[in-house]
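Enquirer: Show me the folded form of this:
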Amino acid sequence: MIEAETVDETPLARQRAQPMTPDDRRAMIAAQAIPLFIEFGSSLTTRQLAEHLGIAEGTIFRAFGDKDALVRASVRAFFDRAEAQLSTGIVDPSLPLEMKVAHFVRGARDHARGVFAMLSLLDRSEAGEYISRARSGAFEAAIADAFAPDAAALAVPPEQVGVLLRIAVIAASVPSHNQQPRLDDDEIVQFILYGIAGRPRGKD
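Expert: The predicted structure follows:
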């Protein structure tokens with residue numbers, strides 16, 4: 001009896017059966033390159049990226065032409081993804097205030113490190129374009145929505161919280177070239193909530 005032929009249903013086999021469009025391939029490569037650019041900076045080679053993706057190095061050059069085009073596509077993908085997250089909400093508004101700040105700080109510090117790393121790949125004029133996008137007010141509006149339920153417990157209006165959070169997180173995330181000790185996430189959370197004078201009297 002002739003046995004039925006075994007069908008390869010692995011993800012790779014399905015990808016081969018349904019080839020990606022050029023645009024989808026470029027988007028995939030640019031997105032997958034983001035964490036590697038954050039880790040290695042401009043020293044990341046196309047060979048390293050190809051090995052990470054399990055593709056031929058020539059596939060990258062066919063998709064982008066050169067490394068500079070890949071860098072620009074990855075930076076654009078990083079900031080586009082960040083802007084998309086603003087529309088879905090930065091942090092759950094229903095969380096208790098302290099937990100909300102803690103969730104925000106951890107996510108925002110990771111994002112800030114990514115911002116510094118990705119902007120370092122560009123020249124000053126190109127980096128300025130993305131810095132200008134960050135000044136659109138969308139971040140502050142998203143933070144105001146997230147902290148609106150806590151308005152009665154805040155010392156500042158929810159509309160000002162985003163500005164203060166941005167200052168605190170960016171200042172704590174700027175790359176340092178000296179040996180000064182850095183604040184950890186919990187220390188930043190406590191500073192945002194209670195400043196340098198301690199917890200307000202009469203509060204837990």
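Enquirer: And for stretch 151-160, what's in contact with it?
Expert: 97, 140, 143-145, 147-148, 150, 161, 164 (Cβ atoms under 8 Å, 6 or more residues apart in numbering). (C-beta placed from N, C-alpha, C; glycine too.)
Enquirer: let's see it at 10 Å
Expert: 96-97, 137, 140-141, 143-150, 161, 163-164, 195, 200, 203 (Cβ atoms under 10 Å, 6 or more residues apart in numbering).
Enquirer: and the end-to-end length of that stretch?
Expert: Stretch 151-160 stretches 11 Å from its first residue to its last (Cα to Cα, to the nearest Å).
Enquirer: Give me the buried stretch members for that stretch, please.
Expert: Neighbour counts over stretch 151-160 (16 or more other Cβ atoms under 10 Å) mark P158 as buried.
Enquirer: what's the answer for stretch 69-76, then?
Expert: 70-71, 73-75.
Enquirer: Tell me the one among the residues you listed nearest to H111.
Expert: V75 (13.9 Å; Cβ to Cβ).
Enquirer: Kindly report the domain assignment for the protein.
Expert: 10-88, 89-204 (automatic domain parsing).
Enquirer: which stretch in these has the least confidence?
Expert: When the domains of the chain are compared by mean pLDDT, domain 89-204 comes last with a mean of 83.
Enquirer: now the contacts of stretch 151-160: which count as buried?
Expert: Applying 16+ other Cβ under 10 Å to these flags 140, 143-147, 150, 161 as buried.
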